[in-house]
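Visitor: output the structure for:
(one chain, ligands or ions: 1)
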Amino acid sequence: MVEPFAAVDVIKAKRDRHELTGAQIDWVVRAYTRGVVADEQMAALAMAILLNGMTNDEIVRWTTAMIDTGVRMDFSSLPRPTVDKHSTGGVGDKITLPLVPIVAACGAAVPQLSGRGLGHTGGTLDKLESIPGWRASLSNDEMMEVLRETGGVICAAGDGLAPADRKLYALRDVTGTVEAIPLIASSIMSKKIAEGAGGLVLDVKTGSGAFMSDPAKARELAETMVRLGKDAGVTTRALITAMDVPLGLAVGNAVEVAESVEVLAGGGPADVVELTLLLAREMLDLAGITGIDPASTLSDGSAMDVWRRMIAAQGGDPDAPLPAARESDVIRAETGGVVTRMDAMGIGVAAWRLGAGRARKEDAVVAGAGVLLHAKPGDHVSVGDPLLTLLADEPARFALAREALDGAVEVGPAGTTIERLPLVIGRVD
Ligand code: URA
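Guide: This next block holds a predicted model:
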């Protein structure tokens, strides 16, 4: 086959700050997926994009080209409006777990095609896999069946969804090119648009434990993704939310499932409940469902009922005890006063080193590993009070986790004012 372009010319064009043509973009994305453009060439192009950016037209075309390398899902046969949510990822971010059954209990269909965690942020599938028997991989027919039966499904995204992104994301990960906003936005949105829900709410995190620690960059990413969604006919909206401190009091896999079940039972930490309900209201608004307060699904047990049916439909036993770590190590306050810092990044890295996360895609995670928080910034503690409990199967991991926590947790004199990001920092409509 005669190729219409040479990869080196496309690289040079972006290197020299020219706008790529639609035909160049279509070709380079497809040719890379076919293996005609080599990894080193795509790496050079990704770096040129990181350094020189892309115009809006280029980003839209790049996203469409990535979608067109795979399949598009179709939920139009469902009797309910479909709405989806995506979080850019954070420490203790288990919001998807209570959110999907809540929104389904309100009458929407929520297809959540999720991923596994890499690095210090956890993955939804890793968390759910700590439930005995629960299965992440479903065929398309099985997925539709669970969705039809329960209103929600959380499962692994199949290989057919934007395969160009799968290949490109792995390459970006090892070439220092993950942080390019055009590439992040097109990566996330190609999968979400291919997924085919009618509405999409984005939770773009900012703060030390987020991918975009700078709020201005988080807003730019949110604006780019909302534009991409709308251009593709998906009603899209974004909240920019805090990730300077972990969400809730549990960071890990089984411990985050347990905390999510507490929320579904009508309890749970205030920040997890608040963010879950905020996102639920946005999703219901996009789905055009009015007259129902999502909080009522927590008090009347209907969200818990959907959760139990969703878990059972995928082979899980919602009543089975969750795996627990074999060993624990408690970190206590050395002075009394007010907690001024519980840094999300330090705690995320600690949980990862305890076995809750993976360094390479192929690694297994330890279901019971993680970190429990006993206090949050602003709380008063006395000398000797527990601040964190570290959970692992092997005690040798505790020293490594403690290293990651150096400077991550601070207690100041009583009366110290603390600086925290508000839970919701902004929104993009
Ligand atoms: N998540 C994705 O799916 N893609 C990115 O580029 C970054 C985060």
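
Visitor: ok, whichever residue of the stretch 51-200 of the chain sits closest to the ligand to Thr241 distance?
Guide: Nearest residue of the stretch 51-200 of the chain to the ligand: Ser187, at 3.4 Å (CB to the nearest ligand atom). For every residue, glycine as well, the C-beta is placed using N, CA and C. According to CB to CB, to the nearest Å, Ser187 and Thr241 sit 20 Å apart.

Visitor: kindly report the same for Met225.
Guide: Between Met225 and Thr241 the computed distance is 14 Å (CB to CB).

Visitor: in the stretch 301-429 of the chain, where is pLDDT below threshold?
Guide: Under the criterion pLDDT under 70, no range of the stretch 301-429 of the chain is flagged.

Visitor: quick one, helices of it?
Guide: Counting by DSSP state H, counting those that start in this stretch, the stretch 301-429 of the chain has helices at residues 302-313, 344-351, 397-404.

Visitor: low-confidence ranges, the stretch 101-250 of the chain, go.
Guide: 118-119.

Visitor: can you tell me which residues in it are near the ligand?
Guide: Listed as neighbours of the ligand in the stretch 101-250 of the chain under the rule CB under 6 Å from any ligand atom: 169, 178, 183-184, 187-188.

Visitor: at 8 Å instead, please
Guide: 115, 165, 169, 172, 178, 183-184, 187-188, 191, 211 (CB under 8 Å from any ligand atom).

Visitor: so which of the residues you listed sit within helices?
Guide: Counted as lying in helices by DSSP state H, out of those, are 165, 169, 172, 183-184, 187-188, 191.

Visitor: identify the farthest-apart pair in those residues.
Guide: Farthest-apart pair in these is Arg172 and Lys191; separation 14.5 Å (CB to CB).

Visitor: what's the spatially most distant residue from the centre of the chain sitting at in phi/psi?
Guide: Centroid-distance maximum for the chain: Val2 at 40.5 Å, with CA atoms, centre = their mean. Per-residue torsions, Val2: phi -80, psi 120 (degrees, to the nearest 10).

Visitor: just Ala218 next, same as before
Guide: With angles defined as degrees, to the nearest 10, Ala218 sits at phi -60, psi -40.

Visitor: please name the nearest non-neighbouring residue to it.
Guide: Leaving out its chain neighbours, the residue that sits closest to Ala218 by CB to CB, 6 or more residues apart in numbering is Thr206, at 3.7 Å.

Visitor: ditto for Ile425
Guide: In space, and not counting its chain neighbours, Ile425 is closest to Ile240: 4.6 Å by CB to CB, 6+ apart.

Visitor: who does that neighbour bridge with?
Guide: In this structure, Ile240 bridges to Val204, Gly426 when assessed by DSSP bridges.
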